[in-house]
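Chemist: give the three-dimensional model of this entry:
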Amino acid sequence: QVQLVESGGELVQAGGSLRLSCAASGRAFNNLAMGWFRQAAGRERDFVAAINWSGGTTRYSDSVRGRFTISRDNAKNTVFLQMNNLKPEDTGVYYCAALDYPEVETTSASQFGFWGPGTQVTVSS
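Modeler: Numbers count the residues shown, from 1 in each chain. The predicted structure follows:
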């Protein structure tokens, strides 16, 4: 089992920045690819970004590429999501997820086996 806890979500103005963190425990963190997903009210959970076990491979959705950066610190069992130039459409609950595999073989939410409770990000216009 993997336990995940997100932090860092808050209300921010459009154009601002936030850094989300996700602390992991319970399994060898450096055996897991990690991802961030978000869910706006009334919508499905969408892929945002993912990173492989070493941090050497990252993937992003088209809507955030160039604005968001995913990274990880394996010594601290933590994955981060740096979000810059935030837009109102970035509003939602952001979830950290772990893939039971070291490489990012998929960005499908259904394939990620472990999830955190989520953290709310609200971007005001």
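Chemist: now do the end-to-end distance for stretch 56-68.
Modeler: Start and end residues of stretch 56-68 are separated by 16 Å (Cα to Cα, to the nearest Å).
Chemist: contacts for it, please.
Modeler: Defining contact as Cβ atoms under 8 Å, 6 or more residues apart in numbering, one finds that stretch 56-68 is touched by 46-52, 69-70, 81-86, 89-90, 103-104, 107. For the C-beta atoms, the positions are set from N, CA and C on the backbone; glycine is no exception.
Chemist: what do you get for stretch 104-116?
Modeler: Contact partners of stretch 104-116, identified using Cβ under 8 Å, 6+ apart, comprise 1-6, 22, 33, 35, 37, 45, 47, 50-52, 57-59, 61, 95-100.
Chemist: that one: how far from the chain's middle?
Modeler: 11 Å (Cα atoms, centre = their mean, to the nearest Å).
Chemist: one step back: any of the contacts of stretch 104-116 buried? List them.
Modeler: Listed as buried from the contacts of stretch 104-116 are 2, 4, 6, 22, 33, 35, 37, 45, 47, 50-52, 58-59, 61, 95-99; burial here means 16 or more other Cβ atoms under 10 Å.
Chemist: mind checking which of these are in strands?
Modeler: For the buried ones among the contacts of stretch 104-116, membership in strands holds for 4, 6, 22, 33, 35, 37, 45, 47, 50-51, 58-59, 95-99, with DSSP state E as the criterion.
Chemist: find the residue at the geometric middle of the protein.
Modeler: Per Cα atoms, centre = their mean, the C-alpha nearest to the average position across the chain is that of Trp36, at 2.1 Å.
Chemist: quick one: it and Leu18, what's the gap?
Modeler: As defined by Cβ to Cβ, to the nearest Å, Trp36 lies at a distance of 12 Å from Leu18.
Chemist: same check, this time on Gly92
Modeler: Counting by Cβ to Cβ - Gly92 and Leu18 are separated by 12 Å.
Chemist: please consider this matter closed, and thank you.
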